[in-house]
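Student: Curious how this folds, go ahead:
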Amino acid sequence: MVLSSARSGTERMLLRTWVSEHFPSAEMIQLGSRSEPPSALERSLDGDATLVVPVRVTWVPPEDDDAGPVRSMAGLATGAVMRNAWWRLHPQLARHRPEAAQVVAGEPATVADLMSRFAAQVQDRSGSSAFARFVVRQAVLACDRAERRVLGDRYKVPRRMVEQITSSSRFSELVGRLVGETGTPRDEVERRLRRSFHEMAAVQSPPAIDVFRAMMGPLHAKAWDVHVDESGLERLRELNKEHALVFLPSHRSYSDPLLFAEVLHERNFPRNHVLGGNNLSFWPMGALGRRAGIVFIRRSFGGDTVYKAAMQEYLGHLLSKRFNLEWYIEGGRSRTGKLRRPRYGLLRYLAAALQDRPGLDAVLVPVSIVYDQLHEVGAMAAEQRGAAKKSEGLGWLAGYFRDQRRHIGTARVRFAEPISFRQALEESGDGSAQLEKIAFRVCVGINKVSAATATSLATFALLTARDRALTLQQVRDVVAPLADYLDARGVPVPVAELRTRHGLRMTLDQLAEARVVEIYSGGTEPVFSIARGRHHVAAFYRNGALHHLLNRALTEVALLRVGDMPDGTPGEELAERAWDELNRLRDLLKFEFFFSDRKALREEVFGEFELMDADWRLGGRQPAELATQAGRGETSPARPADARAILRRVPLLVAPGTLRSFLDAQLVVAEQLAEMGEAPMTDEKAFLETCLGVGRQMLLQHRLDRADSVSRELYATALRLAENRNLVAPDGDADVLVAGRRAWQEELTSLIDDMGRLARLERARLEVVLGGAGDSPDGAGETAEGSSGVAS
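Tutor: Purely as a prediction, here's the structure:
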């Protein structure tokens, strides 16, 4: 089936001739200019094997013999005129320049492939013609891509940015202000400003962009198939007509900016100005990258007042010209697989730029980039075990190119709800927490739209089984409740990879090829386990989905603690205990995860109760008392036995698999601080090295449950929590410091013991799944689960 887009009788004739030569037996359907697809298309989309070929006529301008910039711009203008020529001129154009009329065919796809994309990308599937409309959009996009291969891409290229900035009246005022602030002579301030602008300004050019894409394409083109949230991009296209967009993607790979740039380029978005660290500005990346839109900034410039002023002015100028920006709010790649704490520095400069320009706004766009696998995750996992980070350079780049040649799955790019930066600043109020609130809002948005990959759920299942090997059916039986739970929550999950034996086996085989999973085939059937020494890599993939399980994990701990209370305890006391536990865990993990505010958290916990026990509002089953006191008197009081019954009845318990690694890491830090008595922690690097050594020892002694808890990044985050609790250095009474350190250690020991109890409940459930072998759920496996060893 050929889908044609013709604007005139001349184009229709050209397309019919092309179809008769290439697809003589194909049905040809004219799409027309209406928003609704033709009825003939809807009737024809009923055969999965039908190949859909989109075509259109492109009018190609004459080649530009003069390489000068003026002549090149004239050539581009001529191309734009010819491409959009009035339809009445088509016959004359075809007679006088027949070579100018070229039929371009988009990448064909089967109806089955299109249906698969439709299911993955489109959220609103209402109406009988929804799929047909999607096919039309895909046809247009495919022809656009084919047309760009003929005409070249459209670029929004900045011209002489430094000259524009330094010749403005704002520049003179800026110099005068800095002279007063720094006491530096005017000529010196002006010289340093100009040098800073030249150092950071991207000097884009279409040829350089093409060369950069060609050189950097192998870093991502072969490694992943890319699935994109097309509807989200279309919404952004409309916003971009009025405002500059500030894309803030998650950061897991060096390939993130390259892959994301290609996603935008293929969809005809203007090139972003990508703010990145100057550690990647080595030759040839630096010279070429700067001409392709990368803004290389210093890794640290906190004490340089002139450079900070230049950064603010440059960002404001870009926004005023509606050039889109992009940077990675985490400040660096995630070493653990989940979002890192955001950095606020660039947001601060952006906010100051808006303050200087009252009529200006920018739209923040949280972006989730999630991969099935990453080639570089092994190196990042080694850093968590204590290895030094390798510096970037030509040798590193060559090795990275080599690794990226192998296909390792899918990359998924999704867009969260855009945020008006000016409005967000007003809503967040004044004060030191203003930018923190906005940055957290961005991170929550990224987490919300992040897909749960088959890799993340498979590694969650295998890590939960610890070093026990599972058959393929057992992996399915463990993964299925996870997939059901996430699907009920509205989280995107790869159904084909998780719900079929073939799809799940492919996922495990891919992990085995990457040496993350070990397959033993010497028995009656293959069994799967995490490969020796690869637990940190597996945890990286698992951690990408943990934010979707966080509230469920908190709820399970709260129910466990409520179940410990004596029967007959008043409902008010049960509710108070439950919320104390939820908030205590929230405070313990606030540097690891992003939580909703307390009001939203209550609503989210209601949702968890609905999924755990649909009858919780009925008499005798009332965890509602754990979340609210509204409605008391309409139902019978909640009882601790109800909480215990819910935990025994649910199809999965996620708290141990979700929280245990982070609590174990905190325990190592808490014990080391407690051992120091009232002494301050003065050398963070040495302290973290000590924690790595002690963590390995505790793992060998089975005092820690999982190898991935021995992690430099987790210890550093735990240390941030200790600082927040004033447990790192004396701040007044030394006895208070010692008592605080001991209290934190005891709090963690108690919670880890609870993790062991929940793990035994989950193990009891798994015994049915896993065939009845293994540790006894009644306590024989207590040390293996890590509870009694820590509690002692």
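
Student: Could you list the low-confidence segments of the stretch 101-250 of the chain?
Tutor: 121-128, 148, 151-160, 205-207 (pLDDT under 70).

Student: Mind jotting down where the helices sit in it?
Tutor: In the stretch 101-250 of the chain, the helices defined using DSSP state H, counting those that start in this stretch lie at 111-121, 130-151, 161-166, 169-182, 186-200, 206-216, 230-239.

Student: Enumerate the positions of the longest one that are buried.
Tutor: Looking back up the chat, that one is helix 130-151. Residues of helix 130-151 classed as buried: 131-148, 151 (neighbour count, 16 or more other Cβ atoms under 10 Å). Glycine gets a C-beta too; all of them are placed from N, C-alpha and C.

Student: Specify the helix with the largest residue count in the chain.
Tutor: Determined from DSSP state H, the single longest helix within the chain is helix 734-769.

Student: residues of that helix that come out buried?
Tutor: For helix 734-769, the neighbour count (16+ other Cβ under 10 Å) marks 737-738, 740-741, 744-745, 747-749, 751-767, 769 as buried.

Student: need the helices of the stretch 101-250 of the chain in CSV with distance to residue 518, can you?
Tutor: Output for these, formatted as CSV (distance: least, Cβ to Cβ, whole Å):
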stretch, distance to residue 518
helix 111-121, 31
helix 130-151, 41
helix 161-166, 54
helix 169-182, 61
helix 186-200, 48
helix 206-216, 34
helix 230-239, 38
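
Student: Which of the ones you listed sits closest to residue 516?
Tutor: Nearest to residue 516, of all those, is helix 111-121, at 24.6 Å by Cβ to Cβ.

Student: Quick one: distance of the closest one to the chain centre.
Tutor: The chain centre lies 23 Å from the centre of helix 111-121; the measure is Cα atoms, centre = their mean, to the nearest Å.

Student: cool, and stretch 341-349?
Tutor: Its chain's average C-alpha position is 17 Å from that of stretch 341-349, according to Cα atoms, centre = their mean.

Student: before we move on, what about stretch 12-20?
Tutor: 45 Å.

Student: CA atoms of that stretch as CSV?
Tutor: This file holds the C-alpha atoms of stretch 12-20, laid out as CSV (Å, rounded to 0.1, in the frame of the first residue of the first chain):
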residue,chain,number,x,y,z
ARG,A,12,-0.1,13.1,-8.8
MET,A,13,1.1,12.1,-12.3
LEU,A,14,4.7,11.8,-11.1
LEU,A,15,3.8,9.7,-8.2
ARG,A,16,1.6,7.4,-10.3
THR,A,17,4.4,6.9,-12.7
TRP,A,18,6.8,6.1,-9.8
VAL,A,19,4.4,3.6,-8.2
SER,A,20,3.8,1.8,-11.5
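
Student: Buried residues in that stretch, which are they?
Tutor: 14-15, 18-19.

Student: do the same with stretch 691-711
Tutor: Buried residues in stretch 691-711, counted by 16+ other Cβ under 10 Å: 691-692, 694-696, 698-699, 703-711.

Student: measure stretch 202-221 end to end?
Tutor: End-to-end span of stretch 202-221 (Cα to Cα, to the nearest Å): 24 Å.

Student: let's have the chain start at 124 instead
Tutor: Got it, the first residue is 124 from now on, which makes the last one we talked about stretch 325-344.

Student: Checking the residue minimising distance to the centre of the chain next. Helix, strand or coil?
Tutor: By Cα atoms, centre = their mean, the mean C-alpha position of the chain lies nearest to residue 491, the distance being 3.1 Å. Taken by DSSP: H, G, I helix; E, B strand; the rest coil, the conformation at residue 491 corresponds to strand.

Student: Check what pLDDT it gets.
Tutor: As predicted, residue 491 sits at a pLDDT of 96.

Student: got it, and residue 915?
Tutor: Each residue has a pLDDT score; the one for residue 915 is 27.

Student: same thing with residue 544?
Tutor: At residue 544, pLDDT is 96.

Student: now do the one 3 residues further on
Tutor: Reading off the per-residue confidence, residue 547 sits at a pLDDT of 95.

Student: name the element it belongs to?
Tutor: Secondary structure assignment for residue 547, by DSSP states H and E: helix 544-551.

Student: Distance from that helix to the middle of the chain?
Tutor: Using Cα atoms, centre = their mean, the offset of helix 544-551 from its chain centre is 23 Å.

Student: Go ahead and name everything in contact with it.
Tutor: Outside helix 544-551, the residues within contact range by Cβ atoms under 8 Å, 6 or more residues apart in numbering are 369, 473-474, 477, 483-487, 557-558, 560-561, 564.

Student: All good on my end, thank you.
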